[in-house]
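S.K.: Sequence plus predicted model, see below.
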Number of protein chains: 4
Amino acid sequence: MVDPSDSLGAEERARAALDPSVYDYYAGGSGNETTLAANVSAWDRIAVRPRVLRDVAAVTTRTTVLGTPVNTPICVAPTAFQALAHPEAETATARAARETGSLLVLSTRTSRPVEEVAAALGPTPWWFQVYVMRKRALTRELVERAVAGGARALALTADTPYLPRGRRDRNPSLKTEPEAEQAPDLTFDDIGWLREISGLPVVVKGVLRGDDATACAAAGAAAVWVSNHGGRQLDGAVATADALPEVAEAAAAAGLETYVDGGIRRGVDVLRALALGARAAFIGRPAVWGLAAGGADGVRTELLALVGDLESAMGLAGARSIPEITSDLVWHPPAAGIR
Amino acid sequence: MVDPSDSLGAEERARAALDPSVYDYYAGGSGNETTLAANVSAWDRIAVRPRVLRDVAAVTTRTTVLGTPVNTPICVAPTAFQALAHPEAETATARAARETGSLLVLSTRTSRPVEEVAAALGPTPWWFQVYVMRKRALTRELVERAVAGGARALALTADTPYLPRGRRDRNPSLKTEPEAEQAPDLTFDDIGWLREISGLPVVVKGVLRGDDATACAAAGAAAVWVSNHGGRQLDGAVATADALPEVAEAAAAAGLETYVDGGIRRGVDVLRALALGARAAFIGRPAVWGLAAGGADGVRTELLALVGDLESAMGLAGARSIPEITSDLVWHPPAAGIR
Amino acid sequence: MVDPSDSLGAEERARAALDPSVYDYYAGGSGNETTLAANVSAWDRIAVRPRVLRDVAAVTTRTTVLGTPVNTPICVAPTAFQALAHPEAETATARAARETGSLLVLSTRTSRPVEEVAAALGPTPWWFQVYVMRKRALTRELVERAVAGGARALALTADTPYLPRGRRDRNPSLKTEPEAEQAPDLTFDDIGWLREISGLPVVVKGVLRGDDATACAAAGAAAVWVSNHGGRQLDGAVATADALPEVAEAAAAAGLETYVDGGIRRGVDVLRALALGARAAFIGRPAVWGLAAGGADGVRTELLALVGDLESAMGLAGARSIPEITSDLVWHPPAAGIR
Amino acid sequence: MVDPSDSLGAEERARAALDPSVYDYYAGGSGNETTLAANVSAWDRIAVRPRVLRDVAAVTTRTTVLGTPVNTPICVAPTAFQALAHPEAETATARAARETGSLLVLSTRTSRPVEEVAAALGPTPWWFQVYVMRKRALTRELVERAVAGGARALALTADTPYLPRGRRDRNPSLKTEPEAEQAPDLTFDDIGWLREISGLPVVVKGVLRGDDATACAAAGAAAVWVSNHGGRQLDGAVATADALPEVAEAAAAAGLETYVDGGIRRGVDVLRALALGARAAFIGRPAVWGLAAGGADGVRTELLALVGDLESAMGLAGARSIPEITSDLVWHPPAAGIR
């Protein structure tokens, strides 16, 4: 019995709609794709321990992310070059986020101007994802446009000092200018620099260790985001579900929120993520598949299906609200290795 | 070498006899069917440690369930709408239970009138499974008819405040009236209410955590039943074999019996369940396959095969009677995750 | 690179030579054949930790089994009705054991008269396997013939109070007379009875628990033999490699030797068995395959290949003699469940 | 998305270029090839825990091996009879090592004269691998030629007192003269003897246990090399990744360096090896595949791809130099058994 909320259907429709090289660009990971696969299987290993008899007539997924009220902890991760997936690109994704009440993170590598996407979002809160480029003035210019457009926070991608050998987006058509490549000399000091030039809170995306979460806090970060870049950077890196508990514990000790992405495909995965300490869960590929399959409508369908699936999972697990998704709701077996 | 007591044969015969959508309705689980598969594989992970040289010339499976003597700890779980499987439906299943000396639990969603099924059962003890419906008067009416028909206990289904998204019985032909849907505002207080309106002991079905077992006891329950609804409710929920030990321990501390269903296909699985703390093991699908394949005779054949298989497993494990199925008879490896 | 010492080749040749029902009779296990498969895979999980630079110019597999000197700890387990495999049956197997200097255990269900097999063995030590039958006089008669024929010990099969449901040798052509079936009322007291009527040491075959080993010692047994009857009795029983350490520890504490069978296919498996506490390792099916493929020559070829493979494994592991096969030579991961 | 730095491509090209029996000779392992497969999968189980925001603009793989500066910790393991793979044989491999700045270990069973290979290496440091042969004078003669040619150390193969039964290089065309077979009476004393006749430090190759590392140190070894001969000696032996931590700990306690080979196919595997305590990682088959596919150019391509892949992995893991590859960079799950 296949659950219609499962994103597989959208992926298949997207695959049919996309040029194979574009599908591969979004679907693929680096190296042997060990981490890409581990991201998905690590959630599947976590057994949920439902509570019963809890009066779940009213279930709400409403919460706050970095202090901002949102309808759902399911947020939209930044993905690059969405014009490859659909002509309306990030603007379509923005409309879907607005209609769903989800939080969107716009990529530095947006196909559409920041201002146009911001206009499509209207009053809906959104963040801007930042690659610190070799020519930092380019980054400053983009950040300033995002600030002017109303971004509420910056998500600094920390796991991409450069692309790994052999990643497919090294292919010529996707190649960025050298000065626009991410600065490999990026350090914790860039957190402060981004705060200064933007006046916005800085979320560090790509944290996979507790000690790095502590260091981010010390450097002035507002939150950390557990990510291995969807299995596209270091192949062999720990699955995000396995890294999450230690990062969330260290972040919480420093008063920071923790987010997570990677392999989240169902509502029950979001419930698992929150039980392991995440405040929000970000989805990347499922939104792209929705976009490719049906533009703004397609993204909204995917988001609403996931939100509904989360509501269903929460009620069936006896959790009526986000704060009731506590750590005792799951059994997290000791990581048995990445494969 | 395939054991003839294995229910695979009956499932294959049932599949041939049933409309594919009906077969799918009974066979399927929710979501990706992770929990459906985990229920079966979790028993298979448990190694049995047989005793030798114990004089097993006489092996008896006789025991009591909630104080009622039964021929076997293998009982028949409630399954809905049995007319889909065979025209004689629950009445046929009841005849088989009577002839076998097994305990039957009749579903709220019985295709045949409670009174007719009770008559077919005669003096054989039986329980009535209760969905607390949105319109509680409907539940009260059904419970009163069950009491009048001689039910010995009520089995309150606690894991179904509503159906999960995408479960197949949402299809129109199986749809219940809105007022007959289970009440999502069901709480521990309903245990007391059911006791009051029925005067019967209440067994809570769907308990997967030790703390919930303790809470059921505090709310006046007579026993708890470890179940994830055959993998049809929250996909991702812990396998029943993995949840059983903690629930049984908490229930025993409160003086309650524990039952279990989910993935039990062989006599050795029943032995494993009892060694992990269950008083009885309930079978759902195997009885339905027997019913579809051969009516009352088919159910009886399945039940007798399982009882015989349990006797064989007990003797080969050096356990002459149910009390000799103690925890040292198995090695339960630490749960390695649901998948 | 396939090792020519591997018994796969012989099994394939045997399969080609045998009637399919006979091949199935020897190859199969009970139930779902979970234990049959687990016996093999459990050895494969045990990592060997070789020693280097130990002067292995001379490696000897000579040892004693129950005080009797043997050329090798690889002994021949009893298997029934060998005439099904080859017209010379047990007599051929006996010649091969004699020529190899291995210890043979002759089955109660021998196809050839005990006296003829004993004559073929000549001065080579051998044991007699005993089923205690419902009519104990039959057992006594067979034991007395074995004593007269020179058997050095009795191996009492303790794991077969009766055959499990569905085992293939229930088929008519293999059916034994009711009075010749094994007595289900077999107890530890039969150990003493067998000692009395035979004057021989009694080895208890089928022990899978430490407490049973202790009880065997208390009842006068001379040794215990870890076996689950080649996966042909209780399906779901622990693999012999996983049961061996606890049995060997309890047996050693009582001054008894421990033997093991089940899934041993290569020299390195024998080394693993001895490192986990076994004094000898018995092979069943590999000898039958050799017998079916080539009579006495076939059995001898299999035995010599295994002995050579053990010598090779010992030298490569830095163990020059049987006493140097100590527990530090392996890493035994915690049993992860039977499947 | 397949990483071009992966050696699979070279293996496929080599397979096409080589006679099947030669490909099999290099590719195969002993026995059931359990250890051959475990060597690869054991690295894959180790999850990397990348650090972020570390300024990885400059990453260097430079290090020292046994005190000798090298460009990379990726060194070339000895492999026999390279003329089978390419007419320029070891001389081509030597040129590639020289051009890459990698450390080469020349096999006793070199197809080309030691002097010719030494000349091709020029000033590049290299070691000589030693089989102590039955006729030790042959070994002495080869060692003296290696010393004269400028070898910086001897790597004594300790895991091959003889070839295991059934290994493919027992075939006639590869057969060595009896007096040239490795001495099975090899002991720790041979470490001292090799030091005396050569004046060179002696590295013991084939160590898989901590106690043997301690014994090597006591016998005067300069370093230990964790190896199971590429899965070609004792099938069933522990995977090198699983043996490495205990050997490295014991070696470090005695002041010795530890190296490792076996199953290393990617840069991230080298990073894992160094995080687990290795000073250098040796590759065997990947160099042979490069040699077969393209002579010196092919070997250099493979080496440079691996070095680049290691640099990439280091940067993405936040390790700018070899000393920053510390044990906290990986999660090493407890060995779950060899299979």
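M.R.: That came through fine.
S.K.: Going by C-alpha atoms from here, please, whenever you check contacts or count neighbours.
M.R.: Fine.
S.K.: What parts of chain A come near chain B?
M.R.: Neighbours of chain B within chain A, by CA under 8 Å from any CA of the partner chain: A:1-6, A:44-57, A:268, A:308-309, A:312-313, A:315-317, A:331-334.
S.K.: Please report the distance of A:Ser102 from A:Arg272.
M.R.: 19 Å (CA to CA, to the nearest Å).
S.K.: I should have written A:Arg285 there, sorry.
M.R.: Distance from A:Arg285 to A:Arg272, by CA to CA: 19 Å.
S.K.: Look at these two and report which has more neighbours.
M.R.: Under the neighbour definition other CA atoms under 10 Å in any protein chain shown, A:Arg285 and A:Arg272 were set side by side, and A:Arg272 has more, 27 against 22.
S.K.: Excluding sequence neighbours, find me the nearest residue to the more buried one.
M.R.: A:Val330 (6.7 Å; CA to CA, 6 or more residues apart in numbering or on different chains).
S.K.: Name the residues linked to that neighbour by a beta bridge.
M.R.: Counting by DSSP bridges, A:Val330 is bridged to A:Val48.
S.K.: Run through who's touching the least confident helix or strand in chain A by mean pLDDT.
M.R.: Every helix and strand in chain A was compared by mean pLDDT, DSSP states H and E; the lowest is helix A:8-17, with a mean of 91. By CA atoms under 8 Å, 6 or more residues apart in numbering or on different chains, the residues outside helix A:8-17 that reach it are A:23, A:286, A:289-293, A:302.
S.K.: Give me the buried stretch members for the next helix or strand after it, please.
M.R.: Downstream of helix A:8-17, the next assigned helix or strand under DSSP states H and E is helix A:20-27. Neighbour counts over helix A:20-27 (16 or more other CA atoms under 10 Å in any protein chain shown) mark A:22-23, A:25-27 as buried.
S.K.: as a whole number, average confidence for helix A:20-27?
M.R.: Mean pLDDT, helix A:20-27: 95.
S.K.: Three-state assignment for the closest residue to A:Arg152 other than its chain neighbours, please.
M.R.: Distances taken as CA to CA, 6+ apart put A:Trp127 closest to A:Arg152, at 5.4 Å, once the chain neighbours are dropped. Here A:Trp127 is recorded as strand under DSSP: H, G, I helix; E, B strand; the rest coil.
S.K.: Quick one, grab the pLDDT at A:Trp127.
M.R.: Looking at A:Trp127, the pLDDT reads 98.
S.K.: So what does A:Ala155 look like in phi/psi?
M.R.: For A:Ala155, the backbone dihedrals are phi -110, psi 100 (criterion: degrees, to the nearest 10).
S.K.: Distance-wise, check it relative to A:Ser198.
M.R.: The gap separating A:Ala155 from A:Ser198 is 12 Å, by CA to CA.
S.K.: do the same with A:Ile338
M.R.: 38 Å.
S.K.: If you count surrounding residues, which of these two has more?
M.R.: Shown here are A:Ile338 and A:Ser198; by other CA under 10 Å, A:Ile338 has more neighbours (25 against 21).
S.K.: and that one, what helix or strand is that in?
M.R.: Here A:Ile338 is assigned to no helix or strand, by DSSP H and E.
S.K.: The stretch 201-339 of chain A against chain D: which residues are in contact?
M.R.: Residues of the stretch 201-339 of chain A lying near chain D (CA under 8 Å from any CA): A:206-209, A:212, A:233-239, A:335-339.
S.K.: What count of nearby residues applies to the residue nearest to A:Asp211 when sequence neighbours are not counted?
M.R.: Once flanking residues are discounted, A:Asp211 sits nearest to A:Ala250: 7.2 Å by CA to CA, 6+ apart. A:Ala250: 21 surrounding residues under other CA under 10 Å.
S.K.: Same check on A:Leu142?
M.R.: 17.
S.K.: gap between the longest helix anywhere in chain A and the chain center?
M.R.: Longest helix of chain A, by residue count under DSSP state H: helix A:285-316. Here helix A:285-316 is found 14 Å from its chain centre; the criterion is CA atoms, centre = their mean, to the nearest Å.
S.K.: Output the contacting helices and strands for that helix.
M.R.: Secondary-structure packing of helix A:285-316 (3 or more CA pairs under 8 Å, 6 or more residues apart in numbering or on different chains; DSSP states H and E): helix A:8-17, helix A:20-27, strand A:74-76, helix A:89-100, helix A:267-275.
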